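1. Attaching a predicted model along with its sequence, questions to come.
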Amino acid sequence: MDAAVTVRGLRKRYGATVAVDDVSLDVAGGEIFGLLGPNGSGKTTTVECLQGLRRPDEGTLSVFGFDPCAEPAQVRRLVGSQLQDSALPERLKVWEALRLFSVISPGGPPWERLLDEWGLTGRRNTAFGDLSGGQRQRLFVALALISEPRLVVLDEMTTGLDPAARRVAWDLVAAVRERGTTVVLVTHFMDEAQRLCDRLAVLLDGHVVARGTTAELIASQPRSSAVRSLHRRALTWASSTWWPASRRSPSTTGAGSPSSATGPYSHGSLMRWSTEAWNQRIFELSCPRWRTPTSPSPPRRHPPTRTDRDAGTG
Amino acid sequence: MRALGEMTRVEIKLFAREPLTVLFVLVLPVVVLYVLNGVFGSEPPSPTVWEGLGAVDFYTSSYVALVAGTVGVLSIPVHLAGYREQGVLRRFRASAISPVTLVGAHVVVATLTAAVGAVLLSTVAVLGYDATPPRNWPGLIAAFLLVALAFGALGALLGFVLPTARAAQGLGVLLFFVFMMLGGAGPPREVLPTAMARIGDAIPVTYAGDLLRGPWLGKEWDLTAATVMLGLLLVSAILTVWRLRSEESM
């Protein structure tokens, strides 16, 4: 299938901070492509460059053959987006937002249908400022789909949604793909990526550190440098956050290599424990503020036991 | 054009739901006119104050200018800075709603709002306090449009320069009181201390009042005032476009 999106050597910095460094990826038409990574890994900057919302410092981008920098208007006609950290006027009502966006980006289904599909009929006359986090997310996704775009960018789509709403959102995203729409899904939920994405790229510190299908990524995780790096983060964070201070040695409180972060526990037991954590939700693990009520219990409740510590050898 | 029309329709609704702005733009000038007329309304015209005009004739055009100025420095900047701060502008940009369309809608809404405020104020002044009715309607409408557009452009510039809605509100309220007290809508310029009179000479609402007063009273146009308002419009529009382009290239 033809490429919907092509990115080559994308680089973007904000002042001294390099947000994205030499990112290259291809998204095939009709697939759900995931961008997975922790906070600050460059996912949002990458998709903002794709939509022409940011100008890259280096690299080339193409969205259905259009350059987002040189031809932003053409790109935005083909792309629907649900952006992270965006909003609508506080006093704008739900139906007014849908109507406004449908007038400005015509060509899609009637906005009343999206109101119904995304479970917003009961909130039709509610002002944006009075919506819950989940309702706002649903409205944003509905707005992203309003012009029936060829590509939809969903940035942290299910953050803030309750479990039932997440499942509904997943089904709707799958339905969007069934209609032939390409989806770029930015997420930090491994289960979401597993459930929805045909392929994904893992970003870490602005670099693509792994790519492939979810099955390929999980199968390769013990040997993957991405996972080793995530392990390192998990270990460092765990050593400075979860363990009782009385059980921590001074060397466990700083960032560093796994060997400097193991404290009183053996490296092997921590590696096993952090691998389990990866299998739950590694990105939630390394960024605890993202945890939602749907997340599994944090490992605080299951710290490595003395037995684990003694038995592990790596 | 359809996008501008729909955006304008939405922004009018949002304006009507903003009680503080409605209070400052539509209610407060009428209340202050009522108070000032109570204080000065019975004074006969004097050659030493209000340019030799009766108090209500002088103040009515000044308050119409103040309404347009308030929309410009208070309503538009607070809305646009809030949009930038909260990510609304980003949301619109991602959906092919250009900032130019948004600014255009705000300027249209500002002009309409100022027109409603001006009609309300003029009606109260003419029917309630025997102010002179407008003598040169076409001239007055042209002058009013120039004043409203100039303040609308100034508001757009402030909205894209100020970092937050709170900063815009702080500056807007400050400018509102400076405009009101020193721009012809407060004590007569002739009785102000020299420093304050000079500040009054440096703020655009003074010239807006002077510009409106000519056609309103059937006198000659104040060309200096027209030049100042035209300059304000052009400079603000150019700087706003420059600011938008620099934001787009980030």
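-> That came in fine, so what should we check first? Numbering: from 1, shown residues only, chains lettered A, B, ... in the order given.
2. Point to the helix or strand of chain B where mean pLDDT is at its lowest.
-> For chain B, counting by mean pLDDT, DSSP states H and E, helix B:19-22 ranks last in confidence among helices and strands (a mean of 77).
3. what's the distance between A:Ala142 and chain B?
-> A:Ala142 sits at a distance of 12 Å from chain B (criterion: Cβ to the nearest Cβ, to the nearest Å). To be clear about C-beta, it is placed using only N, CA and C from the backbone, and glycine gets the same treatment.
4. Quick check, B:Thr240 in contact with B:Gly152.
-> No: here B:Thr240 does not reach B:Gly152: they are 10.3 Å apart, not a contact under Cβ atoms under 8 Å.
5. So between the two, which is more surrounded?
-> B:Gly152 (28 against 24; other Cβ atoms under 10 Å in any protein chain shown).
6. Is that one within a helix or a strand, and which one?
-> Taking DSSP states H and E as the definition, B:Gly152 sits inside helix B:137-161.
7. same thing with B:Thr101?
-> Short version, using DSSP H and E: B:Thr101 is in helix B:99-123.
8. One more: A:Gly59?
-> strand A:58-63.
9. returning to what we had before: what is the mean pLDDT for the helix holding B:Gly152?
-> Taken as a whole, helix B:137-161 has an average pLDDT of 95.
10. swap in stretch B:210-230?
-> Mean pLDDT, stretch B:210-230: 93.
11. for it, which positions count as buried?
-> For stretch B:210-230, a neighbour-count test (16 or more other Cβ atoms under 10 Å in any protein chain shown) marks B:210-217, B:221-222, B:225-226, B:228-229 as buried.
12. Could you list the residues of chain A in contact with chain B?
-> Neighbours of chain B within chain A, by Cβ under 8 Å from any Cβ of the partner chain: A:51, A:53-55, A:73, A:76-77, A:79-81, A:83, A:85-89, A:91-92, A:96, A:99-101, A:103-105, A:140, A:143.
13. PyMOL command for the buried members of these?
-> To isolate the buried subset of these in PyMOL, counting by 16+ other Cβ under 10 Å, use the following:
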select buried, chain A and resi 51+53+54+76+77+79+80+81+83+86+87+88+89+91+92+96+99+100+101+103+104+105+140+143
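14. what packs against the helix holding B:Thr101?
-> Judged by 3 or more Cβ pairs under 8 Å, 6 or more residues apart in numbering or on different chains; DSSP states H and E, helix B:99-123 is in contact with helix B:2-16, helix B:28-40, helix B:55-70, helix B:76-86, helix B:88-94, helix B:137-161, helix B:223-248.
15. contacting residues around the closest residue to chain B within the stretch 101-250 of chain A?
-> Closest residue of the stretch 101-250 of chain A to chain B, Cβ to the nearest Cβ: A:Val103 (4.3 Å). Counting by Cβ atoms under 8 Å, 6 or more residues apart in numbering or on different chains, A:Val103 touches B:2-3, B:6.
16. Excluding sequence neighbours, find me the nearest residue to A:Gln74.
-> The shortest distance from A:Gln74 to any non-neighbouring residue, by Cβ to Cβ, 6 or more residues apart in numbering or on different chains, is to A:Phe66 (4.6 Å).
17. How about the backbone phi and psi for that neighbour?
-> phi -100, psi 140 (degrees, to the nearest 10).
18. From the contact counts, what lies against the least confident helix or strand of chain B?
-> Counting contacts by 3+ Cβ pairs under 8 Å, 6+ apart, helix B:19-22 packs against helix B:2-16.
19. now what about the helix it packs on, what contacts it?
-> Under Cβ under 8 Å, 6+ apart, the answer for helix B:2-16 is A:89, A:91-92, A:96, A:99-100, A:103-104, B:21-22, B:75, B:79, B:97, B:101-102, B:104-106, B:108-109, B:112-113.
20. let's see it at 6 Å
-> Identification of contacts with helix B:2-16 by Cβ atoms under 6 Å, 6 or more residues apart in numbering or on different chains yields A:89, A:91, A:96, A:100, A:103-104, B:101, B:104-105, B:108-109.
21. what comes up buried for it?
-> Quick answer for helix B:2-16 (16+ other Cβ under 10 Å): B:3-4, B:6-11, B:14-15.
22. List every C-alpha atom in the least confident helix or strand of chain B, with coordinates, as PDB.
-> C-alpha atoms of helix B:19-22 as PDB (Å, rounded to 0.1, in the frame of the first residue of the first chain):
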ATOM      1  CA  PRO B  19     -20.800  39.000  31.700                       C
ATOM      2  CA  LEU B  20     -17.700  41.100  32.600                       C
ATOM      3  CA  THR B  21     -17.200  42.300  29.000                       C
ATOM      4  CA  VAL B  22     -20.800  43.000  28.600                       C
END
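23. Mind listing what's buried along it?
-> B:21-22.
24. Can you name the helix or strand that the closest residue to A:Pro110 other than its chain neighbours falls in?
-> Of all residues not flanking A:Pro110 in the chain, A:Ser102 sits nearest, at 7.7 Å (Cβ to Cβ, 6+ apart). Per DSSP H and E: A:Ser102 is located in helix A:94-104.
25. So what angle separates the directions of that helix and helix B:99-123?
-> 120 degrees (axes from the mean of the first three to the mean of the last three Cα atoms, to 10 degrees).
26. What strand or helix carries A:Val153?
-> Residue-wise, A:Val153 maps onto strand A:151-155 under DSSP H and E.
27. quick check: mean pLDDT across that strand?
-> Strand A:151-155 comes out at a mean pLDDT of 92.
28. and after it, which helix or strand comes next?
-> The helix or strand immediately downstream of strand A:151-155 is helix A:163-178, counting by DSSP H and E.
29. then that next one to CSV, C-alphas only?
-> Extracted in CSV, the C-alpha atoms of helix A:163-178 (Å, rounded to 0.1, in the frame of the first residue of the first chain):
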residue,chain,number,x,y,z
PRO,A,163,-12.4,1.9,31.2
ALA,A,164,-15.8,1.6,29.5
ALA,A,165,-15.1,4.8,27.5
ARG,A,166,-11.6,3.5,26.5
ARG,A,167,-13.1,0.3,25.1
VAL,A,168,-15.7,2.3,23.2
ALA,A,169,-13.0,4.6,21.8
TRP,A,170,-10.8,1.7,20.7
ASP,A,171,-13.8,0.2,18.9
LEU,A,172,-14.4,3.5,17.1
VAL,A,173,-10.8,3.9,16.2
ALA,A,174,-10.9,0.4,14.7
ALA,A,175,-14.1,1.4,12.8
VAL,A,176,-12.3,4.5,11.5
ARG,A,177,-9.6,2.3,10.1
GLU,A,178,-12.2,-0.1,8.6
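30. Mean confidence (pLDDT) on it, please.
-> 82.
31. list the helices and strands it packs on?
-> helix A:190-196 (3 or more Cβ pairs under 6 Å, 6 or more residues apart in numbering or on different chains; DSSP states H and E).
32. mind checking the SS state of the nearest residue to B:Leu66 once chain neighbours are set aside?
-> Distance criterion Cβ to Cβ, 6+ apart; nearest residue to B:Leu66, sequence neighbours excluded, is B:Ala185 at 4.8 Å. Classification of B:Ala185 using DSSP: H, G, I helix; E, B strand; the rest coil returns coil.
33. so who does B:Ala185 touch?
-> By Cβ under 6 Å, 6+ apart, the contact list for B:Ala185 reads B:62-63, B:66.
34. now A:Lys63, which residues is it bridged with?
-> Quick fix: residue A:63 is Val, not Lys. In this structure, A:Val63 bridges to A:Val5, A:Phe66 when assessed by DSSP bridges.
35. Which residues belonging to stretch B:163-180 are considered buried?
-> Per 16+ other Cβ under 10 Å, stretch B:163-180 contains these buried residues: B:165, B:167-169, B:171-173, B:175-176, B:178-180.
36. of all these, which two lie farthest apart?
-> B:Ala165 and B:Met180 (21.8 Å; Cβ to Cβ).
37. Please enumerate residues in contact with stretch A:110-119?
-> With Cβ under 6 Å, 6+ apart, stretch A:110-119 has contacts from A:98-99, A:102, A:121, A:138, A:142.
38. mind redoing it with 10 Å?
-> A:94-95, A:97-103, A:108-109, A:120-124, A:134-135, A:137-146, A:164-165, A:168-169, A:172, A:175 (Cβ atoms under 10 Å, 6 or more residues apart in numbering or on different chains).
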